[in-house]
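Chemist: Next one to model:
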Amino acid sequence: MPSYFNMHLNDGTPDGKRVRTQCRRFSHCIDNVRYWFALHGNTVSHIDSGLRVCDATSAYTNLHFAAQDELAVARRSLDRLVEKHGAARVASALRAAEPKPFPVIKPARRAVASATPATNHTL
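Modeler: Below you'll find the model as predicted:
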């Protein structure tokens, strides 16, 4: 039984309205690193960045769609993309598109008061 999940995507309009769509999630290794992708319709998107990676269409993939093996189609489409552009280039593009974590800003160090009280040397 396939597992589906909901994903919010931009609808392509300039106002950036987001639509909810039902997707299938799968992982694929590129350059010995596992990346997670979403298959929605015939489009494969990178989950971490939301980047549209490729379309799952060709004469080879039509046979798999007829057999209801959509994830094999998506994986084959990613393999073709890697063959065309190279594994290092595809992996670096996916890493560059991932959101960067916010830097942690450490508070300024306060001066530590001495444990001994200051003495008044007035005569």
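
Chemist: residues in contact with the helix or strand harbouring A96?
Modeler: Here A96 sits within helix 87-97, counting by DSSP states H and E. Under the contact criterion Cβ atoms under 8 Å, 6 or more residues apart in numbering, helix 87-97 has outside partners 30-31, 33, 35, 46, 48-49, 51, 53, 81-82. (Each C-beta comes from the backbone N, C-alpha and C, glycine too.)

Chemist: give me that answer again for 6 Å
Modeler: With contact meaning Cβ atoms under 6 Å, 6 or more residues apart in numbering, helix 87-97 is reached by 30-31, 35, 46, 49, 51, 82.

Chemist: Inside strands: which ones of those?
Modeler: 30, 35, 46 (DSSP state E).

Chemist: May I see these organised as a markdown table, with distance to S77 added?
Modeler: Formatted as a markdown table, the ones in strands among the contacts of helix 87-97 follow (distance: Cβ to Cβ, whole Å):
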| residue | distance to S77 |
| --- | --- |
| I30 | 13 |
| Y35 | 14 |
| H46 | 13 |
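
Chemist: By pLDDT, give me the weakest of those residues.
Modeler: Per-residue confidence across the ones in strands among the contacts of helix 87-97 is lowest for H46, with 89 (pLDDT).

Chemist: Beta-bridge partners for it, please?
Modeler: F37 (DSSP bridges).

Chemist: Distance of it relative to R76?
Modeler: Using Cβ to Cβ, to the nearest Å, one obtains 17 Å as the distance from H46 to R76.

Chemist: just V33 next, same as before
Modeler: In this structure, V33 and R76 are separated by 19 Å, where distance is defined by Cβ to Cβ.

Chemist: what about these two, which has more around it?
Modeler: Ranked by neighbour count (other Cβ atoms under 10 Å), V33 and R76 place R76 first, with 16 against 11.
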